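In: structure for this input, please:
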Amino acid sequence: MRLYVLELKRLLKTRSVGILIIAALILSAVLSYLPVTYIQAYKTDKSGTIQVVTGIEAIKAKKADKKALHGEMTEAKIRETIADIKEVLKEYGSLERQNIPLDVYVKKVYSHLDIIAVLEQTIIPNGKNLYTLEYSYISEDDAKNVYTAYRENVQNLNKNPEVQKKINQMTKHIQIPLAYYSEFTTDQLDYYQIYLFLVMIFFMVIITPVFATEYQTGSDQILRCTKHGRFRLAITKIAVVFTLIFAVFAVGTTVFSIIMRILYGAEVFKNPLQMLGYLYYIPAFTVGKMYKVMVAGGLLSLVAVGASILFFSAKCKTVQSALICAFATAFVPMVIFTISNSRNILEILRCIFPTSGLAFMNSLEGELLARNFVQIGSGYYWTPYIIAIAAAIWIPVFLVITVVSYCKREA
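Out: Numbering: from 1, shown residues only. Just a heads-up that it's a prediction; the model follows:
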């Protein structure tokens, strides 16, 4: 225990480590708030003037305007939406903002945009949208067909029958009618994924010197002559690194979660993913469950990355070479992602790196929202499962070879 405390103090006293840990915690607060600054809404003041508001005020305005739509998106609510937009189409011939008086647009169109997005993806003819919709294209009677059309479309998301069977198994758990609570988009989840990516980069810089610095200075030769200078010291260093990973991750994610809950409220976490702009996400997740999966997957991936960097530090002769190896593992999955072109072997390869769940373009969030499956043997598997299983396997593998590499290293 004394060795653990001394090693922890030594690492925390390193200036760069302290700066990066503080930066990670500050970034958590900044990135959790940043998406809010892009939100805009219309607000009617006491004099009846309609103003454009942003940020927290926009969230409050949207909640107030769309409160009547909160809860299950029933046939009655869909019918009401269709009635309102048909009224506008009949009067003005368009749903575009510039062709309608602002007060009419805000009351009859803007407040229904989320349900209109569902209509565009189900019963509105292909190629038509909010801006090209005509009066004759939609009827109030179509309200009863929305979920039927949705289920039919879900049955035809992939041309491969085996993959489609997997999709059907997943989507059958999506609760119908869908629920709706404003105001939340995937932007908030995107920024949490960005936060995880940056934390990964920070820990690459923090961890690479753990063993490699001693090789450069030659101090490892002295340590190996002591009673606990090999196996026990290696285990202690690993324990200290994982302590920092768990602590920074726990505090950073807690800060992110608290700020997100304060800004949006608890209700938005009941939103199904399908109501975040795209109806054909396949996981039967609410926003709350999606976030929990991202947190769990992020921690698993971060631990796997930490284990891999410890190995590079124990194996490489210099901090610089260890850092190069670490950065390579971070960016190679992104490169493979850009060139894979849905080729099965490359799709598998980009998912099995320790960093695959945290990479900037190739991330767990992206795979959860996509419909990517890979073929292994005669079966097809959803890529988030591959990422999670690979990360879980890498952790013990890298830890064992890290200890072996350090203990057997010759001066």
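
In: quick one: mean pLDDT over stretch 179-191.
Out: Predicted confidence along stretch 179-191 averages 84 (mean pLDDT).

In: looking at the chain, which helix is longest?
Out: Assignment by DSSP state H gives helix 231-264 as the longest helix of the chain.

In: what about that helix, average pLDDT?
Out: The average pLDDT for helix 231-264 rounds to 93.

In: now swap in stretch 6-26 and tell me
Out: Rounded mean pLDDT across stretch 6-26 is 90.

In: where does pLDDT dip in the stretch 101-250 of the chain?
Out: Residue ranges of the stretch 101-250 of the chain with pLDDT under 70: 215-229.

In: residue boundaries of the strands in it?
Out: Taking DSSP state E, counting those that start in this stretch as the test, the strands found in the stretch 101-250 of the chain are 179-180.

In: how distant is the longest helix of the chain from the center of its chain?
Out: Here the centre of helix 231-264 is set off from its chain's centre by 18 Å, with CA atoms, centre = their mean, to the nearest Å.

In: all helices for the stretch 51-200 of the chain, in order.
Out: For the stretch 51-200 of the chain, the helices defined by DSSP state H, counting those that start in this stretch occupy 55-65, 75-92, 102-104, 113-120, 146-154, 161-171, 186-207.

In: could you export the ones you listed as TSV, including distance to residue 294?
Out: All C-beta spots, glycine's among them, are computed from the backbone N, C-alpha and C. Compiled in TSV, the helices of the stretch 51-200 of the chain are given as follows (distance: least, CB to CB, whole Å):
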stretch	distance to residue 294
helix 55-65	21
helix 75-92	30
helix 102-104	38
helix 113-120	22
helix 146-154	23
helix 161-171	17
helix 186-207	6
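
In: closest to residue 4 out of these?
Out: Nearest to residue 4, of all the helices of the stretch 51-200 of the chain, is helix 186-207, at 16.4 Å by CB to CB.

In: now do the buried residues in the closest one.
Out: Neighbour-count burial for helix 186-207 flags 186, 188-207 (criterion: 16 or more other CB atoms under 10 Å).

In: what sits against residue 193?
Out: By CB atoms under 8 Å, 6 or more residues apart in numbering, residue 193 lies in contact with 294, 298, 358, 363-366.

In: what about it, distance to residue 85?
Out: The spacing between residue 193 and residue 85, counted by CB to CB, to the nearest Å, is 34 Å.

In: widest-spaced pair of the contacts of residue 193?
Out: 298 and 366 (12.9 Å).

In: surely residue 355 touches residue 307?
Out: No: using CB atoms under 8 Å as the test, residue 355 is too far from residue 307 to be in contact (11.5 Å).

In: the more surrounded of those two?
Out: Neighbours per residue (other CB atoms under 10 Å) separate residue 355 from residue 307, with residue 355 holding more: 30 against 25.

In: helix, strand or coil: sort out the more buried one for me.
Out: Three-state call for residue 355 (DSSP: H, G, I helix; E, B strand; the rest coil): coil.

In: how far does stretch 126-144 sit from the chain's center?
Out: Relative to its chain's centre, stretch 126-144 lies at 33 Å (CA atoms, centre = their mean).

In: and for stretch 383-398?
Out: With CA atoms, centre = their mean as the basis, the mean position of stretch 383-398 lies at 18 Å from the chain mean.

In: what residues sit buried inside that stretch?
Out: So, applying 16+ other CB under 10 Å, buried residues of stretch 383-398: 383-384, 386-388, 390-391, 394-395, 398.

In: from those residues, which land in helices?
Out: Those of those lying in helices (DSSP H): 383-384, 386-388, 390-391, 394-395, 398.

In: find the nearest non-adjacent residue to residue 76, please.
Out: Spatially, and ignoring its direct neighbours in sequence, residue 76 is nearest to residue 143 (7.9 Å; CB to CB, 6 or more residues apart in numbering).

In: quick one: the one you found from residue 19, how far?
Out: For residue 143, the distance to residue 19 (CB to CB) stands at 57 Å.

In: who has more neighbours out of these two?
Out: The neighbour comparison of residue 143 against residue 19 (other CB under 10 Å) goes to residue 143, with 22 against 12.

In: can you list the contacts of residue 193 in a markdown table and add neighbour count?
Out: Output for the contacts of residue 193, formatted as a markdown table (neighbours: other CB atoms under 10 Å):
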| residue | neighbour count |
| --- | --- |
| 294 | 20 |
| 298 | 24 |
| 358 | 29 |
| 363 | 27 |
| 364 | 26 |
| 365 | 23 |
| 366 | 18 |
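
In: quick check, nearest of those to residue 324?
Out: Nearest to residue 324 among the contacts of residue 193: residue 358, at 18.2 Å, using CB to CB.
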